[in-house]
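**Student:** give the three-dimensional model of this entry:
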Amino acid sequence: MTAGGGGSAVAGGLAPHIPVLVHPAVEFLNVRDGGVYIDGTFGAGGYSRAILAAADCKVIGIDRDQNAIALGADLVEAAHGHLTLTEDRFSNLDSIAREAGYDVIDGVTLDLGVSSMQLDTAERGFSFRLDGPLDLRMSGEGGSAADVVNKASEGGLADIIFTLGEERYSRSVARAILKARASAPIETTRQLAETIASVVRSRPGDIHPATRTFQALRIFVNDELGELARALEAAERILKPGGRLVVVSFHSLEDRIVKAFLADRGESRRGSRHAPEVKREAPTFRTITKRPVAAGDEEIARNPRARSAKLRAAERTVAPARAGVPQGPFSRLPSLADVLRGR
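**Tutor:** Down below sits the predicted model:
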């Protein structure tokens, strides 16, 4: 598959994965000659290719997956100085930009969730359809999903699975996991999937019984929602007035965080009648997408993963950045460190 475009540093070339909603994402970024853009989720480079194909600009690609960075070497070479890659978390995108010599930038794009490369590599443990180690870590650092499954308390597991996977049978799944691990540690994706399937029934046409639990574990192990909240703050700090933020999410928890952030930053905070002296804060973002943009039928037919995608975009104002992001229920979950200590 190729990424098209004209007048670019990199106009095409084979790409193993084209991200969802790439064309509207680049349009909302308002890519211009001389601009500097951050692709916070580089993956296979699909967004970076499209941005570079749109104008004579520069892109800083970020990914905490060292495999993605290594596979992007050819694209860096082909870009002739227009693309740099950094192995890091996208929550650090403002400091990464400053270390690269930019005090402000023109755009930030985040394509959330897990990439096809990760799902299709059995040894990464992201897919229950391919048997492999129960890992799920994007960076290979810190505790794995196997650590969580084998060390967390029943209540902690149930809360993680219910909150981050929206699994209504979370208590049953947690009990089944504790029963299974009492005999032997759960170390593979197949072991966990079969354990879950023993208590979560599905009918033909339903998603696999393990889908929600694997999602919950992946989000928890990688602190994906916390990373997203911090990345939104970082984008607010580094974007210049008129700079654009574009986020593509794939499930309701991610989208809720983005929606709440843009609503909060798009409102002037008023003092209450009990504290009228509180100074009003000017909006830091102007929302461009009044409703989230979804993939069309043609894109969904080519890539079924596009079905759940939602794109939201906003433009930075001149107001100074604020501190804090609206917190969701995920903030009440135990930390990974606590779980690994058996709490």
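**Student:** hang on, residue 166 packs against residue 213?
**Tutor:** No. Using C-beta atoms under 8 Å, residue 166 is not in contact with residue 213, being 10.5 Å away. The C-beta positions use only the backbone N, C-alpha and C, and glycine is treated the same way.
**Student:** and those two? Which one has more around it.
**Tutor:** residue 213 (30 against 14; other C-beta atoms under 10 Å).
**Student:** which residues are in contact with that one?
**Tutor:** With contacts defined as C-beta atoms under 8 Å, 6 or more residues apart in numbering, residue 213 is in contact with 161, 165, 167, 173, 192, 196.
**Student:** span of stretch 26-37 from start to end?
**Tutor:** 10 Å (C-alpha to C-alpha, to the nearest Å).
**Student:** among the contacts of residue 213, name the buried ones.
**Tutor:** Taking 16 or more other C-beta atoms under 10 Å as the criterion, what is buried in those is 161, 165, 167, 173, 192, 196.
**Student:** quick check: the closest residue in space to the third one that isn't next to it in sequence vs residue 200, distance?
**Tutor:** In other words, residue 167. The spatial neighbour of residue 167 that comes closest, neighbours along the chain excluded (C-beta to C-beta, 6 or more residues apart in numbering), is residue 212 at 3.9 Å. According to C-beta to C-beta, to the nearest Å, residue 212 and residue 200 sit 8 Å apart.
**Student:** so what sits against both of these two?
**Tutor:** Common contact partners of residue 212 and residue 200 (C-beta under 8 Å, 6+ apart): residue 167.
**Student:** mind naming the longest strand for this protein?
**Tutor:** Using DSSP state E, we find that the single longest strand of the chain is strand 239-249.
**Student:** and the closest residue to residue 222 other than its chain neighbours, which of the three is it?
**Tutor:** The shortest distance from residue 222 to any non-neighbouring residue, by C-beta to C-beta, 6+ apart, is to residue 138 (5.1 Å). Reduced to three states with DSSP: H, G, I helix; E, B strand; the rest coil, the structure at residue 138 is coil.
**Student:** pretty sure residue 138 contacts residue 65?
**Tutor:** Yes. With contact defined as C-beta under 8 Å, residue 138 counts as touching residue 65 (5.2 Å).
**Student:** these two: who's more crowded?
**Tutor:** More crowded of residue 138 and residue 65, by other C-beta under 10 Å: residue 138, with 26 against 21.
**Student:** you'd agree residue 26 is up against residue 49?
**Tutor:** No. Using C-beta under 8 Å, residue 26 is not in contact with residue 49; the gap is 9.9 Å.
**Student:** higher neighbour count, the two?
**Tutor:** residue 49 (31 against 24).
**Student:** the host helix or strand of the more buried one: how far from the chain's middle?
**Tutor:** Assigned by DSSP states H and E, residue 49 belongs to helix 46-54. From the chain centre to the centre of helix 46-54 is a distance of 18 Å (C-alpha atoms, centre = their mean, to the nearest Å).
**Student:** and stretch 74-87, by the same measure?
**Tutor:** Centroid separation for stretch 74-87 versus its chain: 22 Å, with C-alpha atoms, centre = their mean.
**Student:** which parts of that stretch are buried?
**Tutor:** Buried, per 16+ other C-beta under 10 Å, within stretch 74-87: 75, 76, 78, 79, 82, 83, 85, 86, 87.
**Student:** repeat for stretch 93-112
**Tutor:** For stretch 93-112, burial by neighbour count (16+ other C-beta under 10 Å) applies to 93-94, 96-97, 102, 105-112.
**Student:** secondary structure and distance to residue 69 for the residues you listed - can I get that in TSV?
**Tutor:** Below are the buried residues of stretch 93-112 laid out as TSV (DSSP: H, G, I helix; E, B strand; the rest coil; distance: C-beta to C-beta, whole Å):
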residue	secondary structure	distance to residue 69
93	helix	15
94	helix	19
96	helix	13
97	helix	17
102	coil	20
105	strand	20
106	strand	23
107	strand	21
108	strand	18
109	strand	17
110	strand	17
111	strand	16
112	coil	18
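**Student:** could you point out which element follows the helix holding residue 49?
**Tutor:** strand 58-63.
**Student:** touching, residue 334 and residue 155? I think so.
**Tutor:** No. Checked against C-beta under 8 Å, the pair residue 334 and residue 155 is beyond contact range at 9.4 Å.
**Student:** more crowded one of those two?
**Tutor:** Between residue 334 and residue 155, residue 334 has the larger neighbour count (other C-beta under 10 Å), namely 17 against 11.
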